[in-house]
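Q: Kindly generate the corresponding structure for this input.
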Amino acid sequence: MDPVKIPKMPKAEYDALIKRQCVSRIAFGACEQPYIAPFMYVFDGKYLYFLSTKYGRKIEYFAANPKVSVEIEEYAADLSAFTFVSLQGKLEEVQDPAQKTKVREQFADMIVKKRLSPRVLTALGHSPTDRPDVLVREERSAVWKLVGVKDIVALKNG
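A: Numbers count the residues shown, from 1 in each chain. Predicted coordinates for the structure are as follows:
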């Protein structure tokens, strides 16, 4: 008996999935054992951008080897339907001040539009009592961009 294969998603569908969601998992390989961590992201239609606090293991792993795998998923509570996309590429720190400001503004807008809890700001180095625009005013985090995507796996079961 042959296994049932999960169907692949076309680009338009996985782009829509990426646009709907805002949390990913990034797997870093620059360590003895792979290290995976959740990251919020914004998507401009071409690139994924992440804010990273300037401390923790991820900084060490990023410096040692910026090649990563990024995974974004969506599923029904009972798992009757699920989709995911996995992108293998490289993280690059954004240096251009105007680009960093633009990305930070997109993060602040996303937090407001999606009505995310202010507690999400703690994952970005800020107090939950801060307003989302603090991301633009203060540079407590690095801005990373996913580039050089070599492989994309996008599957759906429903």
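
Q: From now on I want contacts and neighbour counts done on CA atoms only, so please keep to that.
A: Will do.

Q: which parts of the lowest-mean-pLDDT helix or strand in the chain are buried?
A: Using mean pLDDT, DSSP states H and E, the weakest-scoring helix or strand in the chain turns out to be helix 57-64, at a mean of 91. By neighbour count on 16 or more other Cα atoms under 10 Å, the buried set for helix 57-64 is 58, 61, 62.

Q: what do you get for stretch 124-131?
A: Here stretch 124-131 shows 124, 125, 126 as buried, counting by 16+ other Cα under 10 Å.

Q: Now pLDDT, distance to residue 157 and secondary structure too, for those, in TSV please.
A: Formatted as TSV, the buried residues of stretch 124-131 follow (pLDDT from 0 to 100; distance: Cα to Cα, whole Å; DSSP: H, G, I helix; E, B strand; the rest coil):
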residue	pLDDT	distance to residue 157	secondary structure
124	90	33	helix
125	89	36	coil
126	92	38	coil
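
Q: Make JSON lines out of these and add distance to residue 84.
A: As requested, the buried residues of stretch 124-131 are exported to JSON lines (distance: Cα to Cα, whole Å):
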{"residue": "124", "distance to residue 84": "24"}
{"residue": "125", "distance to residue 84": "28"}
{"residue": "126", "distance to residue 84": "30"}
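
Q: which one among those residues gets closest to residue 101?
A: residue 124 (15.0 Å; Cα to Cα).

Q: Please name the residues that touch that closest one.
A: 51, 52, 53, 140, 141 (Cα atoms under 8 Å, 6 or more residues apart in numbering).

Q: The same query, at a cut-off of 7 Å, please.
A: 51, 52, 53, 141 (Cα atoms under 7 Å, 6 or more residues apart in numbering).

Q: where does residue 123 land in three-state SS?
A: Of the three states, residue 123 takes helix according to DSSP: H, G, I helix; E, B strand; the rest coil.

Q: all helices of this structure, in order?
A: 11-20, 57-64, 97-113, 134-137 (DSSP state H).

Q: Relative to residue 75, which of those is closest?
A: Here helix 11-20 is closest among the helices of the chain (Cα to Cα), at 10.7 Å.

Q: What lies in contact with that closest one?
A: Contacts of helix 11-20 (Cα under 7 Å, 6+ apart): 43, 72, 85, 154.

Q: Pick the one among those closest to residue 115.
A: residue 43 (17.5 Å).

Q: Quick check, that closest one in contact with residue 49.
A: Yes. With contact defined as Cα atoms under 7 Å, residue 43 reaches residue 49; the gap is 6.4 Å.
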